[in-house]
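Asker: Got a predicted model here, sequence first, then my questions.
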Amino acid sequence: MSTNDRKETRPWGPHARRIVIQVADYLGFDGNELPGGRQRLIRDIARVIRDEWGKEVLIVQKGKEDFEKTDKDGFRVIAIGSDTRARGDLAFARKARQILEDGDRLLYGSGEDAWPHFHQPAKAIQHGVWWDGPFPWWKRVVQRHRAMEMVRRTDAVLCVDTNFINWLRCQGPEGLALCRKCTYLPNYADTDKMGAISGEGHPANPIRILYARRFEKKRGPELFLQSLVYLHQMGVKSRATMLTIGGAETLKQLAAECGLQGSVKIVEEDLNGVYRHYQDVDIAVVPTLWSEGTSLAAVEAIVAGVPVVATPVGGLGNLVIPGFNGFLVTPSPQAIAEAIAALRNQERWAEMHRNCLSLRPSLSLANWSRNVLDWLRG
């Protein structure tokens, strides 16, 4: 091993000049705050680095034009004017490398987006398989190449679920060997903000159901509404709340078309505002169709003590153990409705509620922070 190799493989904390996090979008492309699970993870990992190591954290992202600003947590953000669509990834990744200085350590906030301009040494975060949906064959081929290159060209990959690791393992002997670079660490919830429900008065009649998802087809909003229709046809009374980022008016129209306008409340809510809603529900539904990691909606419900009905997509199977803290069911209105109906049984609900709360320490922000710090040091 050369002297240079020994220098580059030393632990990050004691030797890094600063940590540079490269990600397509931390703030919005116009510089405004952007809600989202990836953005929250980047913020929290930056906090861990700053608070535990006292290191400067610089976040580099795309922008409609060049800008530099400090976010509300005090992190410096540099935006490189780029085509904000996927086609702009190549030029952005190349320009982002020019910001690096001697002694920096690089963390890719969404690893495969840096292809093909990977810098070494670097680590990467992988947020789950998103190419399992109705995509053309060529997009799957391109994404396979990008993902494989990410793992080849980085020192370590933090995976939010085991789904990506298992996908990698299926890519032949090389993929099996590359799995050794991957560490699984699920998403988390801030248990200081997310209180646990007491369990008294649950489940209510009508049963209270929460759907807390960004408005995207892959997140299953239409499937959820269809499930409520089926539930009504079963003679089960329910009240549902749909928390969404974007699409509220469209959801109201869809609910009206399903005849649900009197039993579904639709609210535009940011990531910080969802916490209070879990205190007044009996069940959370996560009806994902494709492209899922360890869903924040599922994690937050579990730490609140709310059983989860979910589909077996992506990392949801890492979070929901059937019959323990919820149900994993086929993504069909009938299956989801029947799982909801089964949770009207008070004894079954109470047992799952207790089981959810038993996972609270494991899925806490404090536990995640300790584990991510160990990964960064490694």
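Answerer: Received, thanks. Residues are numbered from 1 along each chain as shown.
Asker: SS state for Ile80?
Answerer: Put simply, Ile80 is strand when judged by DSSP: H, G, I helix; E, B strand; the rest coil.
Asker: Look at it and say how many residues are nearby.
Answerer: 21 (other C-beta atoms under 10 Å). C-beta coordinates here come from the backbone N, C-alpha and C atoms, glycine included.
Asker: How about Arg354?
Answerer: 12.
Asker: Next: Arg276.
Answerer: 12.
Asker: where does the stretch 151-300 of the chain have low pLDDT?
Answerer: 271 (pLDDT under 70).
Asker: let's go with 90 and repeat that
Answerer: 199, 214, 245-246, 261-262, 268-277, 279 (pLDDT under 90).
Asker: got the residue ranges for the helices in it?
Answerer: For the stretch 151-300 of the chain, the helices defined by DSSP state H, counting those that start in this stretch cover 163-169, 172-178, 221-233, 248-257, 296-304.
Asker: Deepest-packed of these, please.
Answerer: Sort the helices of the stretch 151-300 of the chain by mean neighbour count, taking mean count of other C-beta atoms under 10 Å, and helix 296-304 sits at the top with a mean of 26.
Asker: Distance to Gly103 for the helices of the stretch 151-300 of the chain - can I get that in TSV?
Answerer: As requested, the helices of the stretch 151-300 of the chain are exported to TSV (distance: least, C-beta to C-beta, whole Å):
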stretch	distance to Gly103
helix 163-169	31
helix 172-178	28
helix 221-233	47
helix 248-257	47
helix 296-304	34
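Asker: of all those helices, which lies closest to His353?
Answerer: helix 296-304 (9.5 Å; C-beta to C-beta).
Asker: what sits up against that closest one?
Answerer: 37, 40, 186-189, 191, 194-197, 210-213, 271, 274-275, 278-279, 284, 286, 307-308, 310, 316, 319-320, 325-326, 356-357, 359-360, 363-364 (C-beta atoms under 8 Å, 6 or more residues apart in numbering).
Asker: buried stuff in the strand or helix carrying Arg348?
Answerer: If you go by DSSP states H and E, Arg348 is part of helix 346-358. Residues of helix 346-358 classed as buried by neighbour count (16 or more other C-beta atoms under 10 Å): Trp349, Met352, His353, Asn355, Cys356, Leu357.
Asker: give the contact list for the fourth one.
Answerer: What it means is Asn355. Applying C-beta under 8 Å, 6+ apart, we find Asn355 in contact with Ile321, Phe324, Asn325.
Asker: can you rerun that using 7 Å?
Answerer: Phe324, Asn325 (C-beta atoms under 7 Å, 6 or more residues apart in numbering).
Asker: Distance check, it against Ala342.
Answerer: Between Asn355 and Ala342 the computed distance is 15 Å (C-beta to C-beta, to the nearest Å).
Asker: Doesn't Arg38 lie inside a helix?
Answerer: Yes. Assessed with three-state DSSP, Arg38 lies in a helix.
Asker: Could you find the closest non-adjacent residue to it?
Answerer: Nearest residue to Arg38, sequence neighbours excluded (C-beta to C-beta, 6 or more residues apart in numbering): His127, at 5.9 Å.
Asker: Quick one: classify Asp73 as helix, strand or coil.
Answerer: Going by three-state DSSP: Asp73 is coil.
Asker: Quick check: Trp53 vs Arg18, distance?
Answerer: Taking C-beta to C-beta, one finds Trp53 at 10 Å from Arg18.
Asker: what residues are shared contacts of those two?
Answerer: Contacts common to Trp53 and Arg18, judged by C-beta under 7 Å, 6+ apart, are absent.
Asker: wait, Cys356 sits on Gly305?
Answerer: Yes. With contact defined as C-beta atoms under 7 Å, Cys356 counts as touching Gly305 (4.8 Å).
Asker: Residues that sit against both of the two, list them.
Answerer: Common neighbours of Cys356 and Gly305 (C-beta under 7 Å, 6+ apart) do not exist.
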